[in-house]
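1. No sequence on hand, only this structure:
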């Protein structure tokens, strides 16, 4: 039930957010997928869905796929939550062009908080077969970072503007990519911390 709640918690904002403002997330090239938060929610749904299906049908392939996504997902969702709340609390115009924060608090938490907690719970309580592979997991993490940076850049090229005002307001692409790189490195540090915690937890449990 906890995992199903996490899955539904990721799905609900994707369905409801476009109805909360005149210009919904479907506007512009790429629709909602131009936003890092939405991409994170989709990856969370895929990961948790694979875990639920893999355990329900005792399918090792589905479980293995989930185990490869999960170490990448947790730091990504942590960065999403941390960046969002930092930017909103310091200057709401960084995220919302008109300065009006239209998301109700419960949806805000579902988009920028619960997915990270869902990933942590999945990693530490529902992933007995998960083994951390330091090199592979870091490669998958950087692959996601490169994917989103490239995808958001392409969407910006097609639309003529970046999906987030904080990126649009930068003076040059160099500054935008520097911001993305800094966020990526913060996520990498989080990845190492969470991975080490998982390794120590599983080693103690096996003793």
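-> Perfect, I can see it now. Fair warning: this is a prediction, and the values are worked out from it, not measured in the lab.
2. Please make it C-alpha for all contacts and neighbour counts, starting now.
-> Fine.
3. buried ones in the longest helix anywhere in the chain?
-> Determined from DSSP state H, the single longest helix within the chain is helix 173-206. Within helix 173-206, the residues that count as buried by 16 or more other CA atoms under 10 Å are 176, 180, 183-184, 187-188, 190-192, 194-195, 198, 202.
4. And stretch 84-98, by the same measure?
-> Neighbour counts over stretch 84-98 (16+ other CA under 10 Å) mark 84-85, 92-96 as buried.
5. can you redo these as JSON lines with secondary structure, distance to residue 164 and pLDDT?
-> JSON lines is the format used below for the buried residues of stretch 84-98 (DSSP: H, G, I helix; E, B strand; the rest coil; distance: CA to CA, whole Å; pLDDT from 0 to 100):
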{"residue": "84", "secondary structure": "helix", "distance to residue 164": "11", "pLDDT": "96"}
{"residue": "85", "secondary structure": "helix", "distance to residue 164": "14", "pLDDT": "95"}
{"residue": "92", "secondary structure": "helix", "distance to residue 164": "11", "pLDDT": "90"}
{"residue": "93", "secondary structure": "helix", "distance to residue 164": "9", "pLDDT": "91"}
{"residue": "94", "secondary structure": "helix", "distance to residue 164": "7", "pLDDT": "92"}
{"residue": "95", "secondary structure": "coil", "distance to residue 164": "6", "pLDDT": "91"}
{"residue": "96", "secondary structure": "coil", "distance to residue 164": "8", "pLDDT": "88"}
